[in-house]
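> Whatever this is, show me its structure:
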Amino acid sequence: MDPHLLRTYVTVARRASFSAAARELGYTQSAVSQHIAALEQDLGTPLLTRRPVAPTTAGERLLEHAGPLLLRLDAARADVARMAAAPAHGLTLAVAPTTLGPRVLAALPAAGVTLRSAARDEIPAAVATGAADLGLVDGLAAPSDPLRLPDVAPLTTRGAGEEPVCVLLPRTHPLAGRAGLRLDDLADARWLDAPEAGLPLAQLRAAAGRGFRPSLRYTGTDVRGLTALAAAGHGLTLLPRWAAADVPGGVAVPLVAPRLVHRTELVLAGEPRGAAMEAAAALTSARGGRPGS
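Prediction:
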């Protein structure tokens, strides 16, 4: 299967238009039509309906395979280019917003760093394809347990820190005076659904084995905006201790059961060099990060 044809197909399916895909890819509309026809002939089945332009059932199945296949190809190209290139002086670091605690900030180089805020699930792909030199991802985990990352390419992870987690409540909340809270106590509470600015509700559901109802969805990446919503009573949120502390109008109560931590991991593609090597050492040495997989 020709990857150029596959990339054209994915673009047409995403844009739902042959002409829009042609403009995006820099081809003529005729060339795009020829690519799709050649791919359909190769696979022996129609992949798109024409009016409207939409994937067939077989086309939908191909899309499920196409994303990982193309990502692997981009990752392979970036990996080979990375080996041939001279060590870079600057550094691009892709980060989830809740990874930027005081310890990480103190470990960053004084100059030459570009921080790229990204969704957690996008960070491994950014490192694999060379869009970022290093990545910082985070999530809930049992102490010393590695995070589960998408299998996008041969990547390496190193532990970069673990921090207690706290439930952030408004000061007027009935549970605000507790010394500690269990997730079982909070299953029926109203929660903020903030998949990027906080710890995702899906992780809470997995940890507790039950549902957590969202009261408000926040799609931003500003952790301060999330803490302000929690302190104002729009819903609870679970955060690393550093992010939940000292919030005006809010109270951070430690989570005591189940035993979970906020874990941060450094994501690398191959052996880092130059500025990336120095930053990787600084980000992991402060807590004795161990290699993961």
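> Where does pLDDT dip in the stretch 1-150 of the chain?
Judged by pLDDT under 70, the stretch 1-150 of the chain has its weakly predicted residues at 82-89.
> can you give me the strands for it?
Counting by DSSP state E, counting those that start in this stretch, one finds strands in the stretch 1-150 of the chain at the ranges 48-50, 53-55, 91-95, 113-117, 134-141.
> Was I right to think residue 230 contacts residue 237?
Yes - with contact defined as CB atoms under 8 Å, residue 230 reaches residue 237; the gap is 4.7 Å. C-beta here means a position set from N, CA and C on the backbone, and glycine is covered the same way.
> what residues are shared contacts of the two?
168, 192 (CB atoms under 8 Å, 6 or more residues apart in numbering).
> Quick check: phi and psi at residue 239.
Phi and psi for residue 239, reported as degrees, to the nearest 10, are phi -140, psi 160.
> Dump the strands of the stretch 1-150 of the chain to JSON lines, plus mean neighbour count.
Compiled in JSON lines, the strands of the stretch 1-150 of the chain are given as follows (neighbours: other CB atoms under 10 Å):
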{"stretch": "strand 48-50", "mean neighbour count": "13"}
{"stretch": "strand 53-55", "mean neighbour count": "16"}
{"stretch": "strand 91-95", "mean neighbour count": "24"}
{"stretch": "strand 113-117", "mean neighbour count": "14"}
{"stretch": "strand 134-141", "mean neighbour count": "24"}
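> Mind putting these into TSV with distance to residue 4?
Rendered in TSV, the data for the strands of the stretch 1-150 of the chain read as follows (distance: least, CB to CB, whole Å):
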stretch	distance to residue 4
strand 48-50	17
strand 53-55	19
strand 91-95	27
strand 113-117	28
strand 134-141	28
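> number of nearby residues for residue 20?
By the criterion of other CB atoms under 10 Å, residue 20 has 16 neighbours.
> Please enumerate the strands of the stretch 151-293 of the chain.
Along the stretch 151-293 of the chain, counting by DSSP E, counting those that start in this stretch, strands occupy 156-170, 181-182, 191-193, 214-217, 237-240, 250-257, 261-268.
> between those, which one is nearest to residue 3?
Checking those against residue 3 by CB to CB gives strand 261-268 as the closest, at 24.6 Å.
> what angle sits between the closest one and strand 156-170?
150 degrees (axes from the mean of the first three to the mean of the last three CA atoms, to 10 degrees).
> got the angle for strand 261-268 vs strand 91-95?
For strand 261-268 against strand 91-95, the angle by the same axes, to 10 degrees is 150 degrees.
> Can you tell me how far residue 114 is from residue 130?
Shown here: residue 114 relative to residue 130, a distance of 14 Å by CB to CB, to the nearest Å.
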